[in-house]
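> Sequence and computational prediction follow.
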Amino acid sequence: MKPMRSLALSAAVALAVAGGAQAQDLTKVGFVYVGPIGDFGWTYEHNEGRLAIEAEFGDAVATSFVESVSEGPDAERVISHLAATGHDLIFTTSFGFMNPTVKVARRFPNVKFEHATGYRRAPNVSTYSARFYEGRHVIGLIAGKMTQSNVIGYIASFPIPEVVRGINAAFLAARSINPDVQFKIVWVSTWFDPGKEADAARALIDQGADILMQHTDSPAAMRIAEAEGILAFGQASDMAEFGPNAQLTSIIDNWSPYYIERTRAVMDGTWTSEDTWDGIADGMVVIAPYSDKIPGDVKELAETARLAIAAGELHPFTGPINKQDGSLWLAEGEIATDEALVGLNFYVEGIDGVLPE
Amino acid sequence: MIRLEARPNPSRAMVYGSPVIALALTLLAGLGLFGFMGRDPLEAMAIIFIEPLTTVFSVSELLVKATPLILIGLGLSVGFRAGIYNIGAEGQYAVGALAGGCVALAFYNVQGIWLLPLAAVAGITGGMAWAAIPAFLRTRFGANEILVSLMLTYVAVLWLSALVHGPLRDPDGFNFPESRLFHDSATLPILIEGTRTHIGFAVALGLVMLVWLMLGRHIAGFKVQVFGLAPRAARFAGFSERRMIWFCLLFSGAFAGLAGMFEATGPVGQLVPSLAVGYGFTGIIVAFLGRLSPVGVVLAGLVMALTYVGGEAAQIRLSLPSAVTGVFQGLLLFFLLGVDVLVTYRVVRIRRG
């Protein structure tokens, strides 16, 4: 018992000393990730943002992270752990961390929190997300032009508004230039499960899909597309490495500018609770380099749309758009409000299948 | 050539000593592993295994994490003693959480001291109902309870997910898959102010006492022991195997269901799709690591909880990957099984003639 106790004591002393030495002007930034940093998708990009903070501020910041945190009973503990160990700014990077983040924020009023993709804010809790659907519009156009079989396979995670928005945006864009295009959608009920994602990709190919889109986080589908000799779009990260022939382009989540800006705000003492929803215009949504497989005119079509979205001249949800049941959603020329998009829970007209409830 | 030979009388002291030896070997292996990785092994081990015991925050979180593990391990240990293997505690936990959460949501606008007991009864009933399926299939058709209970886990978790995506979804929640936050009177009281340690831990300790009494002093406990040690003798004594199967599965289902209800109304405070994070499976390790004894289960639950909390500290402080937790749990189980083999068998060298 004795050596144990003295070890504990010396550890505690060492901690106290270390804590005291770095307490002065070091800004500590913590991250909570839902997946492993090696997912090459969602979490990978958030971690790139963390590394960008380190590159920008050097010795003035220290960052830490906890990966693969489930969105259940453990989340609050991990967030508290970061708050209790002197972190000034904590990014919780998945929807399921919303309530734990708000709860912990109440107990640590001096710590700033940033929650990705949620809607609940507090004086020390900001929310942020990206308009991924703008990227979906661009890839929808490319897919509509390039499909031979007129079947696009779509691997979807959960039927939450963000995912439904992506499906609708891609479908509307594809239909706008190809009236025969069909979407086959498989719900895998996971954000990250390479096995399930690969199975879904195979099932979609069996059903005639010659282009795959995904709203899950691993490059498994891209690998299958490469192996089967079909085309695919990457998600969250540039997945060209996993499908050098298959990837047409990818919708990249670029969190770095936002993370740097918010860290600077904490350092300057100008941080306030905000709700940020940036898209292509602000560089939060980035279209990866186009594959050489895309013909020049298609590339031009995509690029024109991308620039128009960036300039605010084009909104992917501009009427006339009907709901799946044929009822009117947006009248001619009407643009969907952010409120409507935030709660979007129906397919648009033309998509087959039932949205899981 | 070497051969394993059953020891005629395995040492009783060693049966209880083997988890301690396994823990010591795990710590030694951890030191070696960190040294091999080029880290300061003592610092790393201190951060993972000692530092979490030194602050109020981490001790309180240890108790939070250990509560469902102790409850589930306790319920399972009784069945395992009788040789009835409920591997589906994870599913019973999910159904218990769902049933308890439904009560909390049904009386969303109602305050009352009766609400939590009612939710607890619902959780227990839910867990028992889910465990009744393998019990029925085993006693009626002879279906293997290990397989049936395991498969039902996936069904239960999908049910939870489906209901939270659908009817139980927060009406003001923008269609995100989670229920409303429970009301205060449907949320477990906190034991230590400013922490998340809830009354469920105290309840778990009380149940540990009861199970200990049952196993040592009550006829039900005696029957369980006899069934496990000598099934034939139990049958000669006229103990019903059917009733034993029903008893063990319902008993462990009740504990898992209660654990689920505690997690939903305690640390989480709402129903979310990922409530089931493996407690039911870790509970199996806890039961065996605790030698299927009530007090042992408490210690084992705390040790397993420590690997989670310490593993996170290692990520935050040392930038180690999250795999640390899994590596230590794996090492612990490996050494436990290894030491157990040597406790019940001895190694004999055979010379070829």
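Noted; the coordinates are in hand.
> Quick one: neighbours of B:F201, just the number.
For B:F201, the tally of surrounding residues (other Cβ atoms under 10 Å in any protein chain shown) stands at 23. Glycine gets a C-beta too; all of them are placed from N, C-alpha and C.
> Flag every residue of the stretch 101-250 of chain A that's near chain B.
Within the stretch 101-250 of chain A, the residues that sit near chain B (Cβ under 8 Å from any Cβ of the partner chain) are A:K103, A:R107, A:Y119, A:F158, A:P159, A:I160, A:P161, A:S189.
> err, the stretch 251-357 of chain A, not the other one
So the stretch 251-357 of chain A meets chain B at A:V342, A:G343, A:L344, A:N345, A:P356, A:E357 (Cβ under 8 Å from any Cβ).
> which one is the first one nearest to, not counting chain neighbours?
Once flanking residues are discounted, A:V342 sits nearest to B:F174: 5.7 Å by Cβ to Cβ, 6 or more residues apart in numbering or on different chains.
> swap in the second one?
Among residues not flanking A:G343 along the chain, B:F174 sits closest, at 4.6 Å (Cβ to Cβ, 6+ apart).
> Then the fifth one?
With Cβ to Cβ, 6+ apart as the criterion, A:P356 has its nearest non-adjacent residue at 4.9 Å, and that residue is A:P159.
> Which SSE is immediately downstream of the helix or strand of chain A with the lowest mean pLDDT?
Lowest mean confidence among the helices and strands of chain A (mean pLDDT, DSSP states H and E): helix A:2-22, at a mean of 42. Note on helix A:2-22: by DSSP states H and E, the next helix or strand toward the C-terminus is strand A:27-32.
> Would you mind pulling the contact partners of the helix or strand following that following strand?
As assigned by DSSP H and E, the chain's next helix or strand after strand A:27-32 is helix A:42-57. With Cβ atoms under 8 Å, 6 or more residues apart in numbering or on different chains as the test, helix A:42-57 has contacts from A:27, A:29, A:31, A:33-38, A:61, A:63, A:65, A:67, A:91, A:93-94, A:116, A:191-192, A:217, A:235-237, A:252-256, A:258-260, A:263-264, A:267.
> from what I can see B:R3 touches B:V348, true?
Yes. Counting by Cβ atoms under 8 Å, B:R3 does reach B:V348; the two are 5.0 Å apart.
> what residue is smack in the middle of chain B?
B:G283 (2.2 Å; Cα atoms, centre = their mean).
> quick one: that residue from A:F346, how far?
41 Å (Cβ to Cβ, to the nearest Å).
> next one: B:V327
46 Å.
> right, and the residue nearest to the centre of chain B touches B:A66 too?
No. B:G283 is beyond contact range of B:A66, at 10.9 Å (criterion: Cβ under 8 Å).
> Residue 77: neighbour count?
Assuming you mean chain A. For A:R77, using other Cβ under 10 Å, the count is 25.
> Let me rephrase: I mean chain B.
Using other Cβ under 10 Å, the number of residues around B:S77 comes to 27.
> Isn't it up against B:G290?
Yes. The pair B:S77 / B:G290 is scored as a contact, 6.7 Å apart, by Cβ under 8 Å.
> Mutual contacts of the two, please.
Common contact partners of B:S77 and B:G290 (Cβ under 8 Å, 6+ apart): B:V297.
> in chain B, which segments are predicted with low confidence?
Chain B contains residues with pLDDT under 70 at B:352-353.
> Show me where it has its strands.
Per DSSP state E, chain B carries strands over the ranges B:2-6, B:345-349.
> Adding mean neighbour count and distance to B:M214 as columns, could you present those strands in JSON lines?
Below are the strands of chain B laid out as JSON lines (neighbours: other Cβ atoms under 10 Å in any protein chain shown; distance: least, Cβ to Cβ, whole Å):
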{"stretch": "strand B:2-6", "mean neighbour count": "10", "distance to B:M214": "31"}
{"stretch": "strand B:345-349", "mean neighbour count": "11", "distance to B:M214": "32"}
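> how about those, which one is nearest B:C248?
Proximity to B:C248 (Cβ to Cβ) singles out strand B:2-6 among the strands of chain B, at 26.7 Å.
> Within the sheet, what are the partner strands of that closest one, with directions?
Neighbouring strands of strand B:2-6 in its sheet, by DSSP bridges, are strand B:345-349 (antiparallel).
> Report whether stretch B:13-20 contacts chain A.
No. If you take Cβ under 8 Å from any Cβ as the test, stretch B:13-20 misses chain A, and the best it gets is 13.4 Å.
> Kindly state the domain boundaries assigned to chain A.
Split into domains by automatic domain parsing, chain A comes to A:18-130, A:132-253+A:284-342.
> The ones you listed: lowest mean pLDDT?
The minimum mean pLDDT among the domains of chain A belongs to domain A:18-130 (a mean of 91).
> What residues sit buried inside stretch B:67-83?
Neighbour-count burial for stretch B:67-83, counted by 16 or more other Cβ atoms under 10 Å in any protein chain shown, picks out B:67-82.
> Apologies, that question was intended for stretch A:311-330.
By neighbour count on 16+ other Cβ under 10 Å, the buried set for stretch A:311-330 is A:H315, A:P316, A:F317, A:I321, A:Q324, A:W329, A:L330.
> Could you tell me which of these are located in strands?
Per DSSP E, these map to strands at A:I321, A:W329, A:L330.
> Now the residues you listed in a markdown table, please, with extra columns for distance to B:W130.
Compiled in a markdown table, these are given as follows (distance: Cβ to Cβ, whole Å):
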| residue | distance to B:W130 |
| --- | --- |
| A:I321 | 44 |
| A:W329 | 42 |
| A:L330 | 45 |
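> which non-adjacent residue is nearest B:G173?
B:G173's closest residue in space is B:R180 (Cβ to Cβ, 6+ apart), at 7.5 Å.
> these two touch, right, that neighbour and B:F107?
No. Applying Cβ under 8 Å, one finds B:R180 not in contact with B:F107, separated by 11.8 Å.
> did I read that right, A:V286 in a strand?
Yes. The assignment for A:V286 by DSSP: H, G, I helix; E, B strand; the rest coil puts it in a strand.
> residues in contact with stretch B:203-213?
B:67, B:70-71, B:74, B:77-78, B:255, B:258, B:262, B:293-295, B:297-298.
> now with 7 Å?
B:T67, B:I70, B:L71, B:L74, B:V78, B:P294, B:V295, B:V298 (Cβ atoms under 7 Å, 6 or more residues apart in numbering or on different chains).
> Surely the second one touches B:A300?
No. With contact defined as Cβ atoms under 7 Å, B:I70 does not count as touching B:A300 (8.3 Å).
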